[in-house]
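A.B. asks: My questions concern the predicted model and sequence given below.
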Amino acid sequence: MLQIAFIRENQEKVITALAKRNIDATSVVQEVVQLDERRRATQVALDGILSESNKLSKDIGELMKAGEKSKAAILKEKTVLLKEKSKTLAETADRLAAELLEKLYTLPNLPADIVPFGKTPEENLNVFEEGEIPVLHEGAQPHWDLVKKYDIIDFELGNKITGAGFPVYKGKGAKLQRALINYFLDKNTAAGYNEVQVPHMVNEASAYGTGQLPDKEGQMYHDKTDDLYLIPTAEVPVTNLFRDVILNENELPVLTTAYTPCFRREAGSYGAHVRGLNRLHQFDKVEIVRVEHPDKSYEALEGMVEHVKNILQELKLPYRILRLCGGDMGFTSALTYDFEVYSTAQERWLEISSVSNFETFQANRLKLRFKDKDGKNQLAHTLNGSSLALPRVLAGILENYQTAEGIVIPEVLRSYCGFDIID
């Protein structure tokens, strides 16, 4: 959430920055500023009445001590009127504050200066590419055919149990999935990230805290009875570990990693590009989250990018890194790098990771602060990245490592799997 003081003092800057997202925020920014002015004016009036009321209470006490009950009675009548006025003003202030918060929730984060203009994924900026695209044998297949051939993932069985987008992993497919999870966690913890296990459902406050609500409400599975949401990413519960927390500056940075299943409705997703593992309603992901000093968050972002690069280098998968344009960025992000692995059998790039800096956007919602050297509370910066999302990494491995004899396991995963080939 953008800070109201920043919006108030930088209206044109906010409008110009959000135009990079192809949003005309003029009317919303004006409404926010007007609501804030009314709220502050109401609060000033309320504070004045409360101050006057407190003064009258002292005067009444002194008059009663002096035995001047009639004068005290007159002042008591005045305090009754002031109490009624203060109640009305307090209700108005609360209503205006709620309306202001609702408006602020509709404004996405401001893109960083280096975010390119653009409306579609085709306008994202390719900033890095590495790895050779393998030449596959004649008769090579996409992963949805390979998993049937080797009986390692069953989409039809998952459909029977639950529905489309909930696959069943079997035999070596299940072991490869578990191997990837363990490998990713080991890489993250070796890099200094503290591993945690977190709930897979969150309350409304947590979903608002990281910005999934209200922006992604239609994409989240919601249990209305208990008002809980299945997590779309470990980012939500992990970042909320720090909600309403004030850290000391010397505690920064805080590095955390977690494995969780993730749940997304993916409403409106149809077509050949979502076949097989390309898009699921339930999938596994290992996440990294950082809480950083504002002066060091972009350096930390570059470090996270290098960390994910190293994993893909060890997996020996061809990949590229995109700097997302304003129109393709997530609601909460100030800057995002997407990693995509090349699927040789599908002849297309598959997104496998997003690494983002949210600056103070999430921290403002979460009230996540740190005490600086002067003893003042400052908003921290939050960052997160997929390290990695498994379905499309698995698809990339199955397709790029297929041979006529079977699917070769990447060397770095063999000790985790306990086998060298799926045949």
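C.D. replies: Done, it's in. Numbering: from 1, shown residues only.
A.B. asks: So what's the residue count around residue 409?
C.D. replies: 22 (other C-beta atoms under 10 Å). All C-beta atoms are positioned from the backbone trio N, CA, C, and that covers glycine.
A.B. asks: Actually, residue 196.
C.D. replies: Neighbour tally, residue 196, other C-beta under 10 Å: 15.
A.B. asks: Surely it and residue 240 touch.
C.D. replies: No - between residue 196 and residue 240 there is no contact, the gap being 11.5 Å when judged by C-beta atoms under 8 Å.
A.B. asks: Below-threshold pLDDT in the chain: ranges please.
C.D. replies: For the chain, the stretches flagged by pLDDT under 70 are 267-273.
A.B. asks: for it, which helix is longest?
C.D. replies: helix 26-65 (DSSP state H).
A.B. asks: So for that one, what gets flagged as buried?
C.D. replies: Residues of helix 26-65 classed as buried under the neighbour-count rule (16 or more other C-beta atoms under 10 Å) are 28-29, 32-33, 35-36, 38-39, 42-43, 46, 49-50, 53, 56, 60, 63.
A.B. asks: ok, now stretch 406-413?
C.D. replies: 406, 407, 408, 409, 410, 413.
A.B. asks: Equivalent analysis for stretch 138-153, please.
C.D. replies: 140, 142, 143, 144, 146, 147, 150, 152, 153.
A.B. asks: List just the nearest of those residues to residue 297.
C.D. replies: residue 143 (36.4 Å; C-beta to C-beta).
A.B. asks: For residue 396, see how far away that closest one is.
C.D. replies: Taking C-beta to C-beta, to the nearest Å as the measure, residue 143 falls 8 Å from residue 396.
A.B. asks: between the two, what contacts are shared?
C.D. replies: Shared contacts of residue 143 and residue 396, defined by C-beta atoms under 8 Å, 6 or more residues apart in numbering, are found at residue 343.
A.B. asks: For the closest residue to residue 203 other than its chain neighbours, list each beta-bridge partner.
C.D. replies: Spatial nearest neighbour of residue 203, excluding adjacent residues (C-beta to C-beta, 6 or more residues apart in numbering): residue 228 at 6.1 Å. Beta-bridge partners recorded for residue 228 (DSSP bridges): residue 203, residue 223.
A.B. asks: Out of the buried residues of stretch 138-153, flag the one nearest to residue 73.
C.D. replies: Minimum distance to residue 73 across the buried residues of stretch 138-153 is 83.1 Å, recorded for residue 153 (C-beta to C-beta).
A.B. asks: and the most far-flung residue of the chain relative to its centre, what element?
C.D. replies: Farthest-out residue of the chain from its mean C-alpha position, per C-alpha atoms, centre = their mean: residue 67, at 64.8 Å. For residue 67, there is no enclosing helix or strand under DSSP states H and E.
A.B. asks: Same question for stretch 200-214: list its buried residues.
C.D. replies: Applying 16+ other C-beta under 10 Å to stretch 200-214 flags 200, 201, 202, 206, 207, 208, 209, 210, 211, 212, 213 as buried.
A.B. asks: now stretch 251-264
C.D. replies: Across stretch 251-264, burial judged by 16+ other C-beta under 10 Å covers 252, 253, 254, 255, 256, 257, 258, 259, 260, 262, 263, 264.
A.B. asks: on that earlier part again, elements contacting the longest helix of the chain?
C.D. replies: The helices and strands touching helix 26-65, judged by 3 or more C-beta pairs under 8 Å, 6 or more residues apart in numbering; DSSP states H and E, are helix 4-9, helix 11-19, helix 69-104.
A.B. asks: How much space separates the residue nearest to residue 310 when sequence neighbours are not counted from residue 388?
C.D. replies: Using C-beta to C-beta, 6+ apart and skipping residues adjacent in sequence, the residue nearest residue 310 is residue 187, 7.6 Å away. According to C-beta to C-beta, residue 187 stands 9 Å off from residue 388.
A.B. asks: Show me which of those two is the more surrounded one.
C.D. replies: It is residue 388, of residue 187 and residue 388, that has more neighbours when counted by other C-beta under 10 Å, with 27 against 21.
A.B. asks: is it true that that one lies in a strand?
C.D. replies: Yes - counting by DSSP: H, G, I helix; E, B strand; the rest coil, residue 388 is found in a strand.
A.B. asks: residues touching the closest residue to residue 423 other than its chain neighbours, list them.
C.D. replies: Sequence neighbours aside, residue 406 is the residue nearest to residue 423 in space, at 3.2 Å (criterion: C-beta to C-beta, 6+ apart). Applying C-beta under 8 Å, 6+ apart, we find residue 406 in contact with 150, 421, 422, 423.
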